[in-house]
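**Student:** Would you be able to build a 3D model of this:
(one chain, ligands or ions: 2)
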Amino acid sequence: MSWAAAEPDVRTVLEAHPDPLASLSRADIPAIVLRGAYRAEHCAALIDRFAQRGLMDSRLLDPGGAQPRRVDIGTSLSNRAADKEAFLAHAQATRSLFAALFAGYPDPVRLVYDRLAELAAGKRVTTAHEPDGRSYGPAIFRIHYAGHRYPPHVDHAGAHERRLSYAVSRFAHQFAGVLCMQNSRSGARRSGGRRSEGRIAQSILHRCLWTPGLEPCLQQDRFAAYAEANAIERYRVDLQPGDLYFFNTRLVHEVPALEGSAPRVVLAVFIGYSEGDPEVFVWS
Ligand SMILES: O=C(O)CCC(=O)C(=O)O
Ligand SMILES: [Fe+2]
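**Tutor:** Ligands and ions are numbered 1, 2, ... in the order given. Now for the predicted structure:
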C-alpha cells in the first residue's frame with residue numbers, strides 16, 4: 001500500500017481511519033490533510049491585518065537591520081525554553097494579543113483545535129500547561145521569507161529535545177498541525193496572458209522515524225544522501241491557503257529553501273499524544 005496522506009475532510013478521514021491520531025503515531029500514514037479548512041480570503045485578510053499592525057516584517061521594528069528569514073507572531077517553546085518564567089510570561093502576552101487579533105473573522109486557532117478534537121477519538125484537546133496551571137502559547141504564526149529553509153529535522157520535546165522540566169515532555173508522540181495561510185511564490189510571470197506560478201516550496205515528510213543513531217546525519221545535514229542510499233520513501237504535502245495538515249514530527253521532515261518575494265505564512269501548533277492518556281496537549 002502506498003504511503004499517502006488521509007484526506008480531504010474529517011468525515012472521510014474517520015471513515016478510513018477510525019482513530020487517526022493513533023494512525024499518525026504509528027506513521028501508517030504520512031499526514032492528515034484537511035482541504036479548505038479555513039477560507040482562503042480570510043487567510044489573506046488576516047495577513048493584511050498582521051502587516052498593517054507591523055507584526056510581520058521586523059524591518060519596521062529595526063530600521064536598517066538585516067532582514068530576518070523568519071518572523072513569529074506567538075511564543076515558541078523551541079526558542080524560549082531556556083528561561084521558563086520568561087517563556088510562560090511571553091505565552092500570557094500571546095494569549096492577550098490573540099484575544100482580539102482575529103476580530104471579524106473565524107478564529108483560526110480555534111479552528112485548528114476544533115478539527116484536532118474531531119480527530120482525537122474522545123480525548124480532551126487543551127492548550128498545554130504546567131502542573132500549576134500556567135499555559136504555553138496556544139499556537140504561532142510563522143512568517144518565512146526568501147532563503148528560509150527547514151533542513152531535514154525532527155521535533156519531540158521529550159525524546160529529542162529533552163526538555164524534561166516541561167510538562168509536554170511526558171507524551172510518547174508529538175505531532176504538528178500546520179494551517180497554510182500563504183504560499184511562497186517565485187518566478188511568477190505572464191505567459192500568453194496567463195499568469196503562471198513558479199516553484200512553490202512545500203514540506204516533505206520522509207518515511208523515517210527518528211532514532212538517536214540518526215542524530216549525526218541530521219546535525220551534519222547529510223540526510224539527503226542517507227535517504228537516497230536507503231531508498232527512503234517521501235511524501236510532499238502540497239497545500240493551498242486554507243489547507244490544514246497534521247503529521248508526526250518524529251518523522252524526518254523539511255521545507256526546502258523559499259524563493260521569491262511573497263513570504264510563506266503558516267499557523268502552527270505542536271501536539272502531545274499518548275495512546276493511554278485522555279488529554280492531548282497543544283502548544284507552540
Ligand atoms: O512549516 C511547515 O509546514 C512545517 C514546519 C515544521 O518543521 C514543523 O512544524 O515541525
Ligand atoms: Fe519541524
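**Student:** A helix includes His90, no?
**Tutor:** Yes. The assignment for His90 is a helix, going by DSSP: H, G, I helix; E, B strand; the rest coil.
**Student:** surely it meets Gly137?
**Tutor:** Yes. Assessed by Cβ atoms under 8 Å, His90 is found in contact with Gly137 at 7.2 Å. (Glycine included, C-beta is placed from N, CA and C.)
**Student:** what about the strands in the stretch 101-250 of the chain?
**Tutor:** Using DSSP state E, counting those that start in this stretch, the strands of the stretch 101-250 of the chain run over 124-127, 140-144, 150-153, 173-182, 189-191, 194-196, 203-209, 234-237, 244-248.
**Student:** Just send those back as TSV, with mean neighbour count and distance to ligand 1 too.
**Tutor:** Below are these laid out as TSV (neighbours: other Cβ atoms under 10 Å; distance: least, Cβ to the nearest ligand atom, whole Å):
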stretch	mean neighbour count	distance to ligand 1
strand 124-127	16	17
strand 140-144	23	7
strand 150-153	17	5
strand 173-182	23	4
strand 189-191	8	26
strand 194-196	8	24
strand 203-209	19	4
strand 234-237	17	7
strand 244-248	25	7
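**Student:** Arg162: which of the ones you listed is closest?
**Tutor:** Set against Arg162 and scored by Cβ to Cβ, the strands of the stretch 101-250 of the chain come closest in strand 173-182, at 12.7 Å.
**Student:** elements contacting the closest one?
**Tutor:** helix 20-25, helix 40-52, helix 108-119, strand 244-248, strand 264-273 (3 or more Cβ pairs under 8 Å, 6 or more residues apart in numbering; DSSP states H and E).
**Student:** right, so of those, which gets closest to Asn79?
**Tutor:** Comparing the helices and strands packed on strand 173-182 by Cβ to Cβ, strand 264-273 comes nearest, at 12.8 Å.
**Student:** neighbouring strands for the closest one, and are they parallel or not?
**Tutor:** strand 140-144 (antiparallel), strand 173-182 (antiparallel), strand 279-283 (antiparallel) (DSSP bridges).
**Student:** hmm, it in reach of ligand 1?
**Tutor:** Yes. Using Cβ under 6 Å from any ligand atom, strand 264-273 reaches ligand 1 at 266, 268.
**Student:** residues in contact with the nearest residue to Ser25 once chain neighbours are set aside?
**Tutor:** Leaving out its chain neighbours, the residue that sits closest to Ser25 by Cβ to Cβ, 6 or more residues apart in numbering is His173, at 4.3 Å. By Cβ atoms under 8 Å, 6 or more residues apart in numbering, the contact set of His173 is 24-25, 248, 250, 272-274.
**Student:** Spell out which parts of the stretch 101-250 of the chain neighbour ligand 1.
**Tutor:** So the stretch 101-250 of the chain meets ligand 1 at 150, 155, 176, 178, 203, 249 (Cβ under 6 Å from any ligand atom).
**Student:** picking that back up, quick one, which of the helices and strands packed on strand 173-182 is nearest to Pro8?
**Tutor:** strand 244-248 (10.6 Å).
**Student:** Can you check what angle separates that closest one from strand 264-273?
**Tutor:** 50 degrees (axes from the mean of the first three to the mean of the last three Cα atoms, to 10 degrees).
**Student:** what mean pLDDT would you report for strand 244-248?
**Tutor:** Averaged over strand 244-248, pLDDT sits at 98.
**Student:** Give me the neighbour count for Leu218.
**Tutor:** Leu218 is flanked by 17 other residues according to other Cβ atoms under 10 Å.
**Student:** what sits against it?
**Tutor:** Applying Cβ under 8 Å, 6+ apart, the residues contacting Leu218 are 151-154, 210, 252.
**Student:** Equivalent analysis for Pro151, please.
**Tutor:** 218, 221, 223, 254.
**Student:** list the contacts for the second one?
**Tutor:** Just to be clear, that refers to Asp221. So Asp221 contacts 151-152 (Cβ under 8 Å, 6+ apart).
**Student:** List phi and psi for it.
**Tutor:** phi 60, psi 40 (degrees, to the nearest 10).
**Student:** Could you report the separation of it from ligand 1?
**Tutor:** 15 Å (Cβ to the nearest ligand atom, to the nearest Å).
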